[in-house]
Structure formats: C-alpha cells, structure tokens
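Novice: Fold the following for me, if possible:
(one chain, ligands or ions: 1)
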Amino acid sequence: MCGIVGSIGFKNTKSFIIDGLKDLDYRGYDSAGLAFSFGKRINIYKAVGSVSNLEAIIPELSLNPYMGVGHTRWATHGKPTEINCHPHQSMHGLFTIVCNGVVENYLQLKQQLQSKGFKFVSDTDTEVISNLLEDRYFETRNIMRSIEETMAVLTGSFAVVFIADMDPKHLYFMKRHSPLMIGRGDHFSLVASDASPMVRYTDKYIDLEDDSYGFISNDDVEIFKNGEKIPFQFTKKSPDITVKDLNGYPHYMLKEIEEIERVIRRLMVEYYDKGEFLFDHELMRALTESDHIVFVACGTSYHASLVGARYFDILGKSTSTHIASEFAYYPQFPGRKPFFIFLSQSGETADVIHCMTTVKEHNIPCLVLTNKKGSTLERGCDFSLLLHAGLEVSVASTKAYAAEVALLALLANAYSNRKEVIRDLEECCGVIADIDQNLKGKVHEIAEELKHSKDIYFLGRGFDYDMSLEASLKLKEITYIHSEAVAGGELKHGPIALISQDTPVIVTISDNVTALSMRANIQEVKARGAKVFTFVTEPLANDTDTIVVKNHKRYLSPVVMSSLAFYFAYYVAVLNDRNVDKPRNLAKSVTVE
Ligand code: F6R
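Specialist: Numbers count the residues shown, from 1 in each chain. Predicted coordinates for the structure are as follows:
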C-alpha cells in the first residue's frame, strides 16, 4: 500500500521512476504521481488510476531531471483524486514530498498550522508533513533541524522522501515504522519502499532504521538519528525477487493456484533431506522450551495460522491464535514461556509488524513464516522460515496459504519427529494434481450455476471449518458476492435463519470425526430449501456428493480442499468479469494499520 521511489544523479530519471512505480504496483494503489527537479524548477505530474495513466501525461523531456520522486497512493485520508495524489508541496513550495504511512495526529497538527495561517489544498495527512517542514524551516533556516523538529511531533508511521527547493543537490528522507531502503550506484543514489525498483541498477543497499533521517546525493549518503550522524553498512544481500510473468495464463491467480503442487514439493526439499528435518536447532529448542505458542497474522495468513494451531494442539502444546490488528490493542503473553509465530506472505503487513515490535519489547522469542526474504518481519524476528512460494502477484493469496499450511505441517511434525509427513505431503501433491487435471472442470460448472448468487455459505467443522473461512474470504474478495463460513455446529445457533429457498451452501467433508455431524447439517439446510454442493474425500463420499477428492491425510485437507475453493472463487470472478488479480479496494501488501 503506497510505494515510493526516488533517484538523484541517475542517467534516466524518468524511466527509473516510472519503471520503479510499476515494480511496486503489487502494493496496490489507486493513483500515482511524481516530481522532477531540474535544479531551479520542479515539475509535478499526477494521475488517478494506473502508472500508465501517469506515464501518458509526461511530455517528452529535453533534459534529464537531476532528481525525482515518485509515489503510488492507496487512499487513506481523502479520496483517490489528483488533488490528494502525491507529491504534495508545502504552502510556499519549499518542500515537495511523498509519504507512505499514517500520521495519527495529523488533524491536531493541521489545526495548529492553520492557526498560523497555513492553507491546505488536499485532505491528506502528507500535506501536514510538508507544511510542518516549511513551518519549522521558516523558524530554523536549517533543513536537518526542520526534519528533527517535524519528526518530534509526528505520531504514527511514515516513510517520507522530499525535495527541498533551497537545496537542489540532495534528496532528503525520514522514516518511522514504514519501510524505506537506499541503493547506491556509481555516481547516483536511489531510494525506494523496497529493493525491487533498484535491483536492476545496484546490489548495494541500506535498510533504514526506524527514526532515521538524512539525505542522499549522487556520491554520498548521510544518515542521522537523534541529532547524531550514524554509521551504516551496505548489505549486498540481493532480495528474493522472481520475475513477474503470466507464462501464458490469463490471470496470475490461476497460474498461482496451479503452482501449489510445485510449491509444496519445493518446501519438502527445503526443509527435509536424507531422512532429517532441516529446521534450525535453536528454533526447535525454543519451540520445545516454550509452554505456549501464540499465532498472530491477518486475513488469509490468519486462516493458515488456525490450522497451524490445531497441529500443535493435537501434539498437546497449548496455543492461541490472534488477528494481528486485535492483538495490537489487547496483547497477551500466556504461559511462563510463550513463543510467538507470525505468518505473513509479504513480511510487510503493518498490523503484524506492530505486534512483532510489542513482542520484542517483552523479550519474547518469535518466528515468522514469510515469503519475502529481507522483509521487515523476516529481519525483525529471531527466527524465520521462508515459504519458497515464489512471487505471488495476484492480490488474492492462494499458493502462499497452501505453503503456510504445508510448512506448519512440516514444523509440527519435525517438533514431534514424525517423518511420515513427507509421505503425507507427497500423497497430498498427487491429490492436488488430480484436482488440477480432472476436477477443476466440475468446479467451473458449479461456478457457472452460482455466478449470480447474492450470498454463498460455506460449512465445515474442524480443519474443514478453518478451510471454509479461507474459501469464503477468497470468494468475497474477488467476486464481491457476500459470503460467510459457518462451523457446522454453530448453524442452529443463528446462521440457519439466513437459509431459505435455493440459498447456495457449499459443504466440505474431509474428516471422519465430523463427517456424520456434517451430513446432519446438510439435512438441516436442505430442509430449509438450500441448494447444497459437497466437496468430500473418497472414503467419506456417497453417490449424492458433488465433488469427490482422492483420499489424503485429514490434517492436510486444508491444503487440498482449498485448491477447490480457490478455483471456485476464481471461476465465479471470471464469469462475472471481475478484475481477478486486482480486486477493488484491496492491495497485495497492507502496509498501513
Ligand atoms: C487475502 C489476502 C489477505 C492477506 C492479508 C495478510 O487473499 O491476501 O487477506 O492474507 O492481508 O497479508 P500477509 O500474509 O502478507 O501478511
């Protein structure tokens, strides 16, 4: 959500900024803008919609701008309009800034500035920062002091890059909680929200610390904290970036669903070899020594954590699961020796980062399962396990969910030294391949039948309930059809009131422990007129079932059955002509709280 790129001294500023904004588009955005500095003159361009819209309005440049900053905005304060689009200039034009994050006290600051005569043109919190800088500059006549005094009054999270009118030789930055990186090249410097816009031009990065600020120039970087210049080191570690390529598929989501089998096979190779699990000994020791595992995540990753918690519960370990944005306000540290497991595909989800910071303040060990090497969570946690799912482009997470569950299965089995998990996962891969080859056509037929539904309900118990939550989320986010997942036993405690003639209900049955109760639930909803579709595993199936999936271990059913659910959501979205890979209002990486 929101992306920043900037350069100084680079040989082709326009292409770096435009290509960089496109590299960051996975973060989601609804408008884009940039500023070019030609020394004495600053030109600003803004467009609602895609970066291509922005590109289209930039004229042919006869001179290469010496520096530039670009921004993709995901609206938080104010609608996605040109006025609200970044860069924002301070009232007298001294500072031209782009910002990611959320300034929590922006209203109060805005009022203070207004009482001093500052006028605002946008609804954004970013314009408050530009005017604060200007206000402080009028007072101090010193850019660095203006930054320090501005940072001292801001609360919340921000990554800010700005051009100072009075200093055309430096590009300034300041950062707290929102990610920002610097890249150094031969007589040029770059800055961006992550390394992806910079990888083509440098392998020398600086990962900026919270509360740092400073400037870059064509041949220098200076970083400060609390008024002191601080030393820094370049990391040469190149980030885990895979090429974005549809490879003949109509949508990334479909491609990513069909990569699930390969992702699981890769995880087995990464974490098991020659009859041994390859998890870090210190990690296994920390897990063993802990008396309570706390899972924290958001959205799809949260749904995967529900499955992971069941794995450890079954092994007799006490666990709890939390939605990160809830935990952030009500942190809990159960047991004498808790151990935290965060799940985050992107590794940059602000709510989860907030929780990690709280957990670290309490000196409690933590692990993250993430798909992004070098991400904020990967760097911040004591332990990290990579999902090895490759780049996930589609906003709707699919292969990362499967990878999270499969990796948690590997970890829990390593914890109990149960090596049969490898055979179980092999079997699971075969079942998924069968879905990809033979069953998805049937799912398409169901999608065709249900594509005009107003509501669709998912029913399940145990692992099937966990998976149903994910099935329902996936459906609603990309089709905009209302959906709910209901635990079978909860039906009669309320939700059954919603069932009437022809209400679609998709029931998953993969667990012999709950199969009979689920069959009873089917009768209950059918008696109220529901149109029932069943996803069932072979040994539990009968002639009336809609889709029968080959047998596999019940604890891995969320990995298998979610493939059906992902196909279902995908087909319904395509049949309704939805923007499958970029559903409305959503971003791939939710970097604001
Ligand atoms: C849904 C989806 C989101 C993410 C959530 C957490 O398809 O992708 O619900 O799962 O925003 O993101 P990560 O896993 O990157 O922390």
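Novice: Please count neighbours and contacts with C-alpha atoms only from this point.
Specialist: Noted.
Novice: residue boundaries of the strands in the stretch 1-150 of the chain?
Specialist: Remark: strands assigned in the stretch 1-150 of the chain by DSSP state E, counting those that start in this stretch are 3-8, 31-37, 42-48, 67-73, 88-89, 95-103.
Novice: near the ligand, which residues of the stretch 201-350 of the chain?
Specialist: C298, G299, T300, S301, S344, Q345, S346, G347, T349 (Cα under 6 Å from any ligand atom).
Novice: looking at those, which has the most residues close by?
Specialist: Among these, S344 has the most neighbours (other Cα atoms under 10 Å), with 32 neighbours.
Novice: In contact with that one, which residues are there?
Specialist: The neighbours of S344, taking Cα atoms under 8 Å, 6 or more residues apart in numbering as the test, are A297, C298, S301, V352, V368, L369, T370, N371.
Novice: In helices, which of these appear?
Specialist: Counting by DSSP state H, the part of the contacts of S344 found in helices is S301, V352.
Novice: With distance to A565 and pLDDT as extra columns, can I get the contacts of S344 in JSON lines?
Specialist: Formatted as JSON lines, the contacts of S344 follow (distance: Cα to Cα, whole Å; pLDDT from 0 to 100):
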{"residue": "A297", "distance to A565": "21", "pLDDT": "98"}
{"residue": "C298", "distance to A565": "19", "pLDDT": "98"}
{"residue": "S301", "distance to A565": "16", "pLDDT": "98"}
{"residue": "V352", "distance to A565": "26", "pLDDT": "97"}
{"residue": "V368", "distance to A565": "26", "pLDDT": "98"}
{"residue": "L369", "distance to A565": "23", "pLDDT": "98"}
{"residue": "T370", "distance to A565": "22", "pLDDT": "97"}
{"residue": "N371", "distance to A565": "22", "pLDDT": "94"}
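Novice: Now tabulate the contacts of S344 in a markdown table and tack on distance to L410.
Specialist: Formatted as a markdown table, the contacts of S344 follow (distance: Cα to Cα, whole Å):
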| residue | distance to L410 |
| --- | --- |
| A297 | 19 |
| C298 | 21 |
| S301 | 17 |
| V352 | 23 |
| V368 | 15 |
| L369 | 12 |
| T370 | 15 |
| N371 | 16 |
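Novice: which SS state does V443 fall under?
Specialist: helix (DSSP: H, G, I helix; E, B strand; the rest coil).
Novice: heads up, I number from 149, so please use that
Specialist: New numbering, starting at 149: the last item is V591.
Novice: Wait, V634 touches G610, no?
Specialist: No - counting by Cα atoms under 8 Å, V634 sits too far from G610 to count as a contact (11.0 Å).
Novice: Who has more neighbours out of these two?
Specialist: With neighbours defined as other Cα under 10 Å, V634 and G610 compare such that V634 has more, 22 against 19.
Novice: isn't I405 right up against Y549?
Specialist: No - at 10.2 Å, I405 does not count as touching Y549 under the criterion of Cα under 8 Å.
Novice: Please flag which of the residues of the stretch 349-498 of the chain next to the ligand sit within strands.
Specialist: S492 (DSSP state E).
Novice: okay, the residues of the stretch 349-498 of the chain next to the ligand in TSV with distance to V720 next?
Specialist: Listed next are those as TSV, based on distance: Cα to Cα, whole Å:
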residue	distance to V720
C446	24
G447	20
T448	19
S449	23
S492	26
Q493	24
S494	26
G495	29
T497	28
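Novice: Looking at the residues of the stretch 349-498 of the chain next to the ligand, which is nearest L573?
Specialist: Closest approach to L573 among those (Cα to Cα): S449, at 19.8 Å.
Novice: For that closest one, give its distance to E575.
Specialist: To E575, S449 is 24 Å away according to Cα to Cα, to the nearest Å.
Novice: One more: G528?
Specialist: On the measure of Cα to Cα, G528 and E575 end up 35 Å apart.
Novice: Let me know the average pLDDT across the host helix or strand of A434.
Specialist: For A434, the host element (DSSP states H and E) is helix 429-437. Averaging pLDDT along helix 429-437 yields 98.
Novice: and it, how far from the chain's centre?
Specialist: 27 Å (Cα atoms, centre = their mean, to the nearest Å).
Novice: Need the residues that contact it.
Specialist: With contacts defined as Cα under 8 Å, 6+ apart, helix 429-437 is touched by I441, K485, F487, P513, F531, Y563.
Novice: so how far is V153 from D171?
Specialist: Going from D171 to V153 by Cα to Cα gives 10 Å.
Novice: make that S185, sorry
Specialist: 14 Å.
Novice: what do you get for L435?
Specialist: For L435, the distance to V153 - Cα to Cα - is 40 Å.
Novice: P398 now?
Specialist: 29 Å.
Novice: More neighbours: which of the two?
Specialist: V153 (31 against 10).
Novice: low-confidence ranges in the chain?
Specialist: Within the chain, the segments meeting pLDDT under 70 span 149, 174, 384-393.
Novice: Swap in 80 and give it another go.
Specialist: Flagging of the chain using pLDDT under 80 yields the residue ranges 149, 173-176, 224, 384-395, 737-741.
Novice: for it, which helix is longest?
Specialist: helix 705-723.
Novice: Provide the contact partners of it at residue level.
Specialist: By Cα under 8 Å, 6+ apart, helix 705-723 touches 401-402, 405, 455, 546, 549-550, 553-554, 576, 579-580, 583, 588, 591-592, 594-596, 598-599, 611-612, 614-615, 618-619, 622-623, 626-627, 656, 658, 683, 727-728.
Novice: What about the residues you listed, which are in helices?
Specialist: 401-402, 405, 455, 549-550, 553-554, 576, 579-580, 588, 591-592, 594-596, 598, 611-612, 614-615, 618-619, 622-623, 626-627.
Novice: quick revisit: the inter-axis angle of the longest helix of the chain versus helix 611-627?
Specialist: For helix 705-723 against helix 611-627, the angle by axes from the mean of the first three to the mean of the last three Cα atoms, to 10 degrees is 20 degrees.
Novice: on that earlier part again, let's have the strands of the stretch 149-298 of the chain in JSON lines, adding distance to H641.
Specialist: As requested, the strands of the stretch 149-298 of the chain are exported to JSON lines (distance: least, Cα to Cα, whole Å):
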{"stretch": "strand 151-156", "distance to H641": "45"}
{"stretch": "strand 179-185", "distance to H641": "45"}
{"stretch": "strand 190-196", "distance to H641": "46"}
{"stretch": "strand 215-221", "distance to H641": "43"}
{"stretch": "strand 236-237", "distance to H641": "52"}
{"stretch": "strand 243-251", "distance to H641": "40"}
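Novice: Columns distance to the ligand on top of those strands, output as TSV?
Specialist: Shown next, in TSV, are the strands of the stretch 149-298 of the chain (distance: least, Cα to the nearest ligand atom, whole Å):
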stretch	distance to the ligand
strand 151-156	15
strand 179-185	20
strand 190-196	23
strand 215-221	17
strand 236-237	28
strand 243-251	16
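Novice: Using CSV, list the CA coordinates for the helix holding A434.
Specialist: Taking C-alpha atoms only, helix 429-437 is exported to CSV below (Å, rounded to 0.1, in the frame of the first residue of the first chain):
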residue,chain,number,x,y,z
HIS,A,429,18.2,-26.4,16.1
GLU,A,430,17.8,-23.2,18.1
LEU,A,431,14.4,-22.7,16.7
MET,A,432,13.4,-26.3,17.6
ARG,A,433,14.8,-25.8,21.1
ALA,A,434,12.9,-22.5,21.6
LEU,A,435,9.7,-24.3,20.5
THR,A,436,10.3,-27.2,22.8
GLU,A,437,11.1,-25.0,25.8
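Novice: List the buried residues in that helix.
Specialist: Using 16 or more other Cα atoms under 10 Å as the test for burial, helix 429-437 gives L431, A434, L435.
Novice: Likewise for stretch 273-286?
Specialist: Applying a neighbour-count criterion of 16+ other Cα under 10 Å, one finds 273-285 buried in stretch 273-286.
Novice: Over to stretch 186-199?
Specialist: Buried residues in stretch 186-199, counted by 16+ other Cα under 10 Å: I190, I192, Y193, K194, A195, V196, G197, S198, V199.
Novice: That one: end-to-end distance?
Specialist: Terminal residues of stretch 186-199 lie 22 Å apart, using Cα to Cα.
Novice: Please state the offset of that stretch from the chain centre?
Specialist: Mean-position distance between stretch 186-199 and its chain equals 28 Å (Cα atoms, centre = their mean).
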